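[1] prediction below, plus the sequence it came from.
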Amino acid sequence: MEISIRVFSIVYSLSIILLYGCNTHSEKNESQLEQPNSDAENRIPDQLIGNWIKPIDGSQNEYDGFQLNNDHSAYSINMHTLLYKKWSTFNNSIVLTGKSIGNKTTSEFDDTLKIVLANSTDLILAKDNVQFKYKKTTETKNIIKSEN
């Protein structure tokens, strides 16, 4: 009987130690997960500022794209029927807002694209499993501004 009580005391003590140790570890992980990675989110907009172009499908010498400005205004590059007005970011995505001009119709749009890569020279955006690969440029001659 004395051995059973001793074994029970040891098992009980070890159980309390293990439960306390697991609980403390779990709380530490939860608090670390709650903290957002604000540094990464804040770096993305600075990297996005500038003129971004990509080749037009089927053409080697023509391109289109957009200009993203510090004040979050945006302009189209070499696109007369898709006029960007502004841009914003959230959850590692970019939202391009503008208007699409068609045959006797104009419609406003918000286009949300996932940011796959953003650095000082390359920007890769994705939507519906299609990637769009842009290069940063100093080109400004074909920027088309929308008249709100």
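    Looks like it arrived, so ask away.
[2] so, low pLDDT: which residues of the chain?
    Applying pLDDT under 70 to the chain picks out residues 1-43, 142, 145-148.
[3] hey, where'd the helices end up in it?
    Taking DSSP state H as the test, the helices found in the chain are 2-34, 38-48.
[4] now Ile124: how far from Thr105?
    31 Å (Cβ to Cβ, to the nearest Å). Glycine gets a C-beta too; all of them are placed from N, C-alpha and C.
[5] I should have written Pro55 there, sorry.
    Distance from Pro55 to Thr105, by Cβ to Cβ: 28 Å.
[6] so for those two, which residue has more residues nearby?
    Ranked by neighbour count (other Cβ atoms under 10 Å), Pro55 and Thr105 place Pro55 first, with 15 against 7.
[7] once you drop chain neighbours, what's closest to that one?
    Ranked by Cβ to Cβ, 6 or more residues apart in numbering and with sequence neighbours excluded, the top spatial neighbour of Pro55 is Tyr63, at 5.5 Å.
[8] what's the neighbour count on that neighbour?
    By other Cβ under 10 Å, the residues close to Tyr63 number 18.
[9] give me every residue that touches it.
    Listed by Cβ atoms under 8 Å, 6 or more residues apart in numbering, the contact set of Tyr63 reads Ile53, Lys54, Pro55, Ile56, Ile77, Asn78.
[10] check Thr138 too.
    Thr138 is in contact with Asn51, counting by Cβ under 8 Å, 6+ apart.
[11] what's the distance between it and Leu83?
    Taken as Cβ to Cβ, the span from Thr138 to Leu83 is 22 Å.
[12] again with Gln67
    Taken as Cβ to Cβ, the span from Gln67 to Leu83 is 12 Å.
[13] try Asn129
    Separation of Asn129 from Leu83 (Cβ to Cβ): 26 Å.
[14] who's the closest spatial neighbour of Lys85, skipping the chain neighbours?
    Closest to Lys85 by Cβ to Cβ, 6+ apart is Gly98, at 4.8 Å.
[15] that neighbour: how many residues sit nearby?
    Per other Cβ under 10 Å, the neighbour tally for Gly98 reads 22.
[16] correct me if wrong: it contacts Ser107.
    No - with contacts counted by Cβ atoms under 8 Å, Gly98 stays clear of Ser107, the gap being 9.9 Å.
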